[in-house]
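Q: Here you go, sequence then predicted model.
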Amino acid sequence: MSFRLGLTGSIGMGKSTTARLFAEAGCAVWDADAAVHRLYAPLGAAVAPMAALFPQAVVDGAVSRDVLKQLIGANPDALKQIERVVHPLVRADRDAFADTATADILVFDIPLLFETGAQSEMDAVACVHVDAQTQRLRVLERGTMTEAQFEAILAKQMPIADKLARSDFHIETDTLPHARAQVAAIVQQIRDRQDA
């Protein structure tokens, strides 16, 4: 049976890069954000239920994240309604991946792992982290959000110190070589446990 490793962290901490490092180490990786993109795409499983809930959110047969952001900004209760639709669909996508993946280690890249309770389905959790200044620079250098949007996302996420306290492994993503070495050590430790 495959080992299930949850991978989490806050925005700008290096989850995507770290997930890629796990894939390079031979792990199968499932990405929650990519699953949501598939669900929101034309013919995606979330399109019809979202059209019933918020018809204006479906543009050209797909769910528009920009429209959803506007709806949430205007009505904070909209987020809970959206989550009631999307979270079960994301869970089904994750379960389908777990049922078909054949790697010895399955990595589940879930930004809101603790917030959604998904840690209960994992054998262990790894949390990526970096200092707050580096995090802020990474996010703002992308040019995809303002400082106010970044602060709003941070306010909705569990503080990184709490995520680290609840995690089995910590991966500091200050440099790529350092992160790669930590991922290799974690993979080896898990494989050693499985072989014991």
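A: Okay, I see it.
Q: how far does stretch 30-48 stretch from start to finish?
A: Across stretch 30-48, the terminal residues are separated by 24 Å (C-alpha to C-alpha, to the nearest Å).
Q: Mind listing residues that contact the lowest-mean-pLDDT helix or strand in the chain?
A: When each helix and strand of the chain is scored by mean pLDDT, DSSP states H and E, helix 147-156 comes last, with a mean of 85. Identification of contacts with helix 147-156 by C-beta atoms under 8 Å, 6 or more residues apart in numbering yields Ser10, Ile11, Gly12, Arg136, Val139, Leu140, Met145. All C-beta atoms are positioned from the backbone trio N, CA, C, and that covers glycine.
Q: do the same with stretch 104-111
A: 2-11, 15-16, 19, 22-23, 26-33, 94, 97-98, 116, 118, 122, 157, 187, 190-191, 194.
Q: Let's test this: mean pLDDT of that stretch, rounded?
A: The average pLDDT within stretch 104-111 is 96.
Q: buried set for that stretch?
A: Within stretch 104-111, the residues scored as buried using 16 or more other C-beta atoms under 10 Å are Asp104, Ile105, Leu106, Val107, Phe108, Asp109, Ile110, Pro111.
Q: Mind checking which of these are in strands?
A: If you go by DSSP state E, the buried residues of stretch 104-111 have Ile105, Leu106, Val107, Phe108, Asp109 in strands.
Q: and the angle from the helix ranked longest in the chain to helix 147-156?
A: Longest helix of the chain, by residue count under DSSP state H: helix 77-100. Note on geometry: by axes from the mean of the first three to the mean of the last three C-alpha atoms, to 10 degrees, helix 77-100 and helix 147-156 are set 70 degrees apart in direction.
Q: for helix 77-100, packing partners?
A: Judged by 3 or more C-beta pairs under 8 Å, 6 or more residues apart in numbering; DSSP states H and E, the packing partners of helix 77-100 are strand 28-31, helix 32-40, helix 47-53, helix 65-74, strand 105-109.
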